[in-house]
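**Q** Can you look at this prediction? I've put the sequence above it.
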Amino acid sequence: MILADAGAKSTAVAGGIVGAAVTVGVSFAVNTINNSTEAYIVGSTVTSSGDVILNAESTASIWSMTMAFALSASVGGLGLSGTAVGSQSDNQISNTVSAYIANDTVTGTASSVTTTNGASVLMTARDKSAITADAGGYGVAASVGAFTGAGAYAASAATNDITNTVQSYIQGSSLTADGNIELTAHSVATINALTMSGATTVSASVTGVGGAGSSSEAINNITNTIDAYIDDDGSAARQIRTSSGGVIKLTAEDNSTIIANAVSTSLSFGFGLATGNAAVGAAVGNNVINNSIKAYISGATIDSDGSVELFASSIAFIDSNTIAASVSVTGGLAGASFSGGGATSENIISNIVEAKVDGNSTIIADGSVSISALDAATITADVGSTAFAVGLTAGASVGISTARNKINNQVRAYADQAAITSTQNGIAIE
């Protein structure tokens, strides 16, 4: 677990016949978790009268907060003030979690595992990863004098990535179980991101100008590989078999969630005989879930005294809110103001969910054979922008919002170049 706080604050005040104040605030955080967790039997012979259990589990979490604030103020015959703030949070989790029985790739020795007395072989690879990231920045600039200028800009951004590999597998080995053989690969990945930025300028003068700008960006990606499989080269000399009604079950499951909020506000106020003000705000959200979830048997010989079940499933959810607001107000005999707000959101779910038997595999089951793949994907996106401008002489405002949401999953369940026999209860591919 990583807990990180980063903050910055900057303040400047100037006064005199000529007053100038400039402030800058920056906050930045980088957090990375990169682990490998394994439970395995390689190139070994194992005989047990109890269950053989291989369990690899990983829990990784990052909580990051970056905040920046800057204030500048000037008072004088000629008053100038400017402020700029920025906050950035980069977070990454990249884990490998594996539970496996395999041949020794150096010596070529195959593993052999045997259980008796109704004992089972249970293999589980499980990962739970979570990133919570908050990034915020706010800048304020104020100037008072005969001739004034005030400018403020604030930006906040968060980039979050979860890229894990979770696998439970048997490769180039023989297993004989007097109970069940179960392989499970399970992944839960969650990103919760909030980015906020705001800028405010205030000027009071005979003649003055003011400008405020802010931007918020949230970029979130989940790209995981989740596999449960039995793989061999088609040799009948190595078999995966159960007795006493034992089942053979392969399960690959994914549950991915992204919740992202990006908010930007810009405010500019000017008061005097002749004033001009502008405020611009922009918010960007980009969220992608792109996982591969597979349960398969390839090139293996299977002899089950019970059923054979292959199940791959994915539940993916994106909830995105992107909001930008800007307000510009001028008051005086001659005043002009402009405000612009823009918000855009792009959300994509593109998963591969696959359950299959291929590679010249042979399956003989005394029970049913089930090959199934399931997908459930949801995107909810709210995008909004508002712009408001008031000027006694001239005022203009523009607000733009765009959203692009796409679900492009590939869900497949099939048998290809395989010999499958069920002596009872049939074969289901769905």
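**A** Yep, it's here. Numbers count the residues shown, from 1 in each chain.

**Q** H186 is in contact with A125, isn't it?
**A** Yes: H186 lies in contact with A125 (C-beta atoms under 8 Å); the separation is 7.4 Å. Heads up, the C-betas are built off the backbone N, CA and C, glycines and all.

**Q** Now do the shared contacts for those two.
**A** Shared contacts of H186 and A125 (C-beta atoms under 8 Å, 6 or more residues apart in numbering): V166.

**Q** Could you list the single helix or strand in the protein with the lowest mean pLDDT?
**A** strand 2-33 (a mean of 59; mean pLDDT, DSSP states H and E).

**Q** Run through the stretch 251-400 of the chain and note the low-pLDDT ranges.
**A** 272, 274, 276-277, 331-337, 387-397 (pLDDT under 70).

**Q** in it, which spans are strands?
**A** Ranges of strands in the stretch 251-400 of the chain, per DSSP state E, counting those that start in this stretch, are 274-289, 292-298, 301-304, 308-331, 334-349, 352-358, 361-365, 369-390, 394-407.

**Q** will you turn those into a markdown table that also has mean neighbour count and distance to A218?
**A** Formatted as a markdown table, the strands of the stretch 251-400 of the chain follow (neighbours: other C-beta atoms under 10 Å; distance: least, C-beta to C-beta, whole Å):
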| stretch | mean neighbour count | distance to A218 |
| --- | --- | --- |
| strand 274-289 | 26 | 5 |
| strand 292-298 | 25 | 24 |
| strand 301-304 | 23 | 46 |
| strand 308-331 | 24 | 8 |
| strand 334-349 | 23 | 9 |
| strand 352-358 | 23 | 25 |
| strand 361-365 | 22 | 44 |
| strand 369-390 | 19 | 12 |
| strand 394-407 | 15 | 14 |
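
**Q** Kindly present those strands as a markdown table, with separate columns for distance to T115.
**A** Output for the strands of the stretch 251-400 of the chain, formatted as a markdown table (distance: least, C-beta to C-beta, whole Å):
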| stretch | distance to T115 |
| --- | --- |
| strand 274-289 | 38 |
| strand 292-298 | 20 |
| strand 301-304 | 14 |
| strand 308-331 | 18 |
| strand 334-349 | 40 |
| strand 352-358 | 24 |
| strand 361-365 | 19 |
| strand 369-390 | 22 |
| strand 394-407 | 43 |
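
**Q** out of those strands, nearest to T225?
**A** strand 292-298 (4.9 Å; C-beta to C-beta).

**Q** strand partners of that closest one, parallel vs antiparallel please.
**A** strand 225-231 (parallel), strand 352-358 (parallel) (DSSP bridges).

**Q** What backbone torsions are found at the nearest residue to T423 once chain neighbours are set aside?
**A** Using C-beta to C-beta, 6 or more residues apart in numbering and skipping residues adjacent in sequence, the residue nearest T423 is D366, 5.2 Å away. As for D366, its main-chain torsions (degrees, to the nearest 10) stand at phi -80, psi -10.
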